[in-house]
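>>> generate coordinates for the sequence data below:
(one chain, ligands or ions: 1)
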Amino acid sequence: MVALVDVRRLTPRTDAVLADPRLAAAEHRLGRAIVLSAVRRAQDRARAGEIEPTAVPDAAVESLPSHAATLTPVINATGVLLHTNLGRAPLSAAARDALEAAAGSTDLEFDLASGQRGRRGRGMLSALSAAVPAAEAVHVVNNNAAALVLAATALAAGREVIVSRGELIEIGDGFRLPDLLESTGARIREVGTTNRTTAADYAAAIGPQTAFVLKVHPSNYRIEGFTASASIAELAALSVPVIGDIGSGLLTPHPLLPAEPDASSWLTAGAAVVTASGDKLLGGPQAGLLAGRADLIARLARHPLARALRVDKLTAAALEATLTGPRPPVAEQLAAPQAELAARAGRIADVLAAVGIDARAQHCGAAVGGGGAPGVSLPSAAVSLPAELAVELRSGLAVRRGARPAVVGRIEDGRLLLDLRAVSEADDQRLTAAVRSAAATGPAEAG
Ligand SMILES: *Cc1c(COP(=O)(O)O)cnc(C)c1O
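Down below sits the predicted model:
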C-alpha cells in the first residue's frame, strides 16, 4: 500500500505531461480533448502501478489515435463482400485520391473558366450518364432509400404506387419499404401474392389514382418454388411509368451474377426510372443513383426535397472516380478466382504456422451480402485459427490504440475463419501481422 501511495504522489501532473513536445504537436493534429484523454489514461495506468510514473508521457504518446475520428479501420475477413455494419464498399485508390483532392475548397458548383456559378457535381453526373447510355438523364442523392423517397414524393404524393406483395421488402435495420413509401404521402396499392404476381395483376390495379408501378429487386432474400413475377418489359407495356429499384448499383450485367438486375438492362427493357445504391456492387461511396427518362428526372431534381437529399463534394468526387477509374475493390474481390484465394490463404497460414500459431488454410463459401445476389455462394478460401483469437483481433488494446487494424472474421465449427474473398491482396501482409501480434498478446498463443 505504501508503494501505491508513492506512485500516486509521483505521477506527473497533467500540464507537465502536456508540455512534452510530442504531445504538444499531437494537440495541433488531433485537438486538445483527444490528447488530454490519452494523458489521463496514462496517468491512471501509473496510479494503478501498471507503468512507472516516468513512463507516463511515452504511454500517452503510444496511445494516441492515428486520426481524430473514432471510426476504426477494419480488415473485412467476414466473407461478406458488402457488409453494411463494416461500411459496405471499400473505396478504390482512385476514389480515395479524389476525396482527398476535393476535401478543401473545390469547384463543386463553380465554372473556373468563366468565373460564374457552374452546375453542381457536373463531373459526377456526366460520368454516370456515360456509364449508363440507356438513360436520358441522371440524378444523384444520398442513398437509394432517399432516391425512392424522392421519386415517391415528387411523382406520387397523394396518389398510388402499385407494388407486388412479393416485393414489400425490409431493407435492414427495421427499415421497411412500405413504411418508407407511405411516409411520403403516397399510398401503396398491393397486388398479387407473396410468391406470384403477374402483369395482369398490375394491369387490373391501374386507375386514375395510379402514379407509377414500382418494381423492387428482392436483394436480400429469395423466393423459390411456385413463383411468378412480371418482367420489366411486361410492366413497361402498361399505361403508367415503371420505376425500378435494382438495389445493388450494377450498371451493366455481371457475368458471375446472372440473376442480379442492372440499370442498363432494366432501362432498355422499358423502365422509366431506375434507382440504385452507389456503395453496393458499384463499389463507390454511399449514394442513391437515379437514371431514366429526362422529364421524370427533371421533376425529381427540381423538387424542393431534392435540396435536402443532395450529395456533398466528397460523395461527388468519390462517385465520379469510381465510375471513371479502375475497377473498385468490390469488383476485383468478386472476380478473384478461388485458386488465387486458396494460394493466398496457404501462404498466410504457412507464415503463421512457422511461428507456432495454430493456423491452416481451408476452402469455404463467401457471400455478396445484403446488397445483392441473395443465396449466391461464392467459392472462397480462409485462414482457420483458434476461435479465442477473435476478440483480440477485433478489439484488442493494439486495435484500440490504432497500432493495428481491427480484423473481423467469422466463427464456423468452433474455429475463427478469416475469409479472404473480401480482403484485398494488398492487405495480406497487414492481416498476417495483425494475427501474429494478436496471437502474441491473446490467450490463444501457441506453444
Ligand atoms: C440496399 C437497398 C435499398 C437501400 O439502399 P441504400 O443505398 O442503403 O439506402 C433499397 N432497395 C433495395 C432493393 C436495396 O437492395
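
>>> leaving out chain neighbours, which residue sits closest to Arg401?
Ser63 (5.0 Å; Cβ to Cβ, 6 or more residues apart in numbering). Where C-beta positions appear, they are placed from N, C-alpha and C, glycine not excepted.

>>> got phi/psi on the one you found?
phi -90, psi 10 (degrees, to the nearest 10).

>>> tell me who's in contact with it.
Ser63 sits next to Ala38, Arg41, Ala42, Arg401 when contact means Cβ atoms under 8 Å, 6 or more residues apart in numbering.

>>> and if we set it to 6 Å?
The contact partners of Ser63, by Cβ atoms under 6 Å, 6 or more residues apart in numbering, come to Ala38, Arg41, Arg401.

>>> isn't the first one right next to Pro65, touching?
By that I understand Ala38. No - using Cβ atoms under 6 Å, Ala38 makes no contact with Pro65, being 8.1 Å away.

>>> who has more neighbours, the two?
Under the neighbour definition other Cβ atoms under 10 Å, Ala38 and Pro65 were set side by side, and Ala38 has more, 22 against 17.

>>> low-scoring stretches of the protein, by residue?
1-8, 371, 442-447 (pLDDT under 70).

>>> per the record, what domains does it have?
Following automatic domain parsing, one gets these domains for the chain: 2-62, 74-87+331-441, 93-326.

>>> and the longest one with the ligand, contact?
Read it as domain 93-326. Yes - judged by Cβ under 6 Å from any ligand atom, domain 93-326 comes into contact with the ligand at Asn143, Asn144, Ala145, Ile171, Val216, His217, Ser219, Asp245, Gly247, Ser277, Gly288.

>>> SS state for the residue nearest to Ala55 when sequence neighbours are not counted?
Closest residue to Ala55 apart from its sequence neighbours, by Cβ to Cβ, 6+ apart: Ala46 at 7.2 Å. Assigned with DSSP: H, G, I helix; E, B strand; the rest coil, Ala46 falls in the helix class.

>>> isn't Ala46 right up against Thr11?
Yes - in this structure, Ala46 is within contact of Thr11 by Cβ under 6 Å, at 4.6 Å.

>>> next, show the common contact partners of those two.
Overlap of the contact sets of Ala46 and Thr11 (by Cβ under 6 Å, 6+ apart) consists of Pro53.

>>> mind listing the residues bridging to the residue of the chain found nearest the ligand?
Closest to the ligand within the chain is Gly247: 2.6 Å, counting by Cβ to the nearest ligand atom. Here Gly247 sits in beta bridges with Ala276, as judged by DSSP bridges.

>>> that one - how many residues pack around it?
By other Cβ under 10 Å, neighbour count at Gly247 equals 26.

>>> list the contacts for it?
Contacts of Gly247 by Cβ under 6 Å, 6+ apart are His217, Ser219, Gly372.

>>> excluding chain neighbours, what is closest to Ser377?
Gly365 is the one closest to Ser377 (Cβ to Cβ, 6+ apart), at 4.1 Å.

>>> strands of the stretch 101-250 of the chain, start to end?
110-111, 116-117, 137-141, 160-164, 170-172, 175-176, 187-191, 210-216, 242-247 (DSSP state E, counting those that start in this stretch).

>>> tabulate these (a markdown table), appending distance to Asp201.
What follows is these, written out as a markdown table (distance: least, Cβ to Cβ, whole Å):
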| stretch | distance to Asp201 |
| --- | --- |
| strand 110-111 | 50 |
| strand 116-117 | 48 |
| strand 137-141 | 30 |
| strand 160-164 | 8 |
| strand 170-172 | 22 |
| strand 175-176 | 21 |
| strand 187-191 | 4 |
| strand 210-216 | 11 |
| strand 242-247 | 14 |
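
>>> so of those, which one's packed in deepest?
Per residue and on average, the most neighbours among the strands of the stretch 101-250 of the chain fall to strand 242-247, with a mean of 27 (mean count of other Cβ atoms under 10 Å).

>>> distance from the chain centre to that strand, please.
20 Å (Cα atoms, centre = their mean, to the nearest Å).

>>> what packs against whatever helix or strand comes next after that strand?
Downstream of strand 242-247, the next assigned helix or strand under DSSP states H and E is helix 263-268. The contact analysis (3 or more Cβ pairs under 6 Å, 6 or more residues apart in numbering; DSSP states H and E) places helix 263-268 against strand 273-277.

>>> let's go with 10 Å and repeat that
helix 122-131, helix 232-236, strand 242-247, strand 273-277, strand 288-292 (3 or more Cβ pairs under 10 Å, 6 or more residues apart in numbering; DSSP states H and E).

>>> contacting residues around that helix?
128, 131-136, 138, 215, 217, 231-233, 236, 242-246, 248-253, 262, 271-276, 282, 289-293 (Cβ atoms under 10 Å, 6 or more residues apart in numbering).

>>> now do 6 Å
The set of residues external to helix 263-268 that reach it, using Cβ under 6 Å, 6+ apart, is Val132, Ala134, Ala135, Ile232, Gly244, Leu251, Thr252, Val274, Ala276, Ala291.

>>> again with stretch 424-438
75, 329, 344, 348, 351-352, 389, 392-393, 396, 398, 404, 407.

>>> so which of these are in strands?
Using DSSP state E, the members of the contacts of stretch 424-438 that fall in strands are Ile75, Val407.

>>> any chance of the contacts of stretch 424-438 in JSON lines, plus neighbour count and distance to the ligand?
Shown next, in JSON lines, are the contacts of stretch 424-438 (neighbours: other Cβ atoms under 10 Å; distance: Cβ to the nearest ligand atom, whole Å):
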{"residue": "Ile75", "neighbour count": "23", "distance to the ligand": "23"}
{"residue": "Pro329", "neighbour count": "21", "distance to the ligand": "18"}
{"residue": "Arg344", "neighbour count": "19", "distance to the ligand": "29"}
{"residue": "Ile348", "neighbour count": "23", "distance to the ligand": "32"}
{"residue": "Val351", "neighbour count": "18", "distance to the ligand": "37"}
{"residue": "Leu352", "neighbour count": "21", "distance to the ligand": "36"}
{"residue": "Leu389", "neighbour count": "27", "distance to the ligand": "32"}
{"residue": "Glu392", "neighbour count": "23", "distance to the ligand": "32"}
{"residue": "Leu393", "neighbour count": "28", "distance to the ligand": "28"}
{"residue": "Gly396", "neighbour count": "20", "distance to the ligand": "31"}
{"residue": "Ala398", "neighbour count": "18", "distance to the ligand": "32"}
{"residue": "Arg404", "neighbour count": "21", "distance to the ligand": "30"}
{"residue": "Val407", "neighbour count": "27", "distance to the ligand": "25"}
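
>>> Gly185: which of the contacts of stretch 424-438 is nearest?
Pro329 (39.3 Å; Cβ to Cβ).

>>> quick one: contacts for that closest one?
Neighbours of Pro329 in contact, by Cβ under 6 Å, 6+ apart: Pro90, Ser424.

>>> cheers, nothing more for now.
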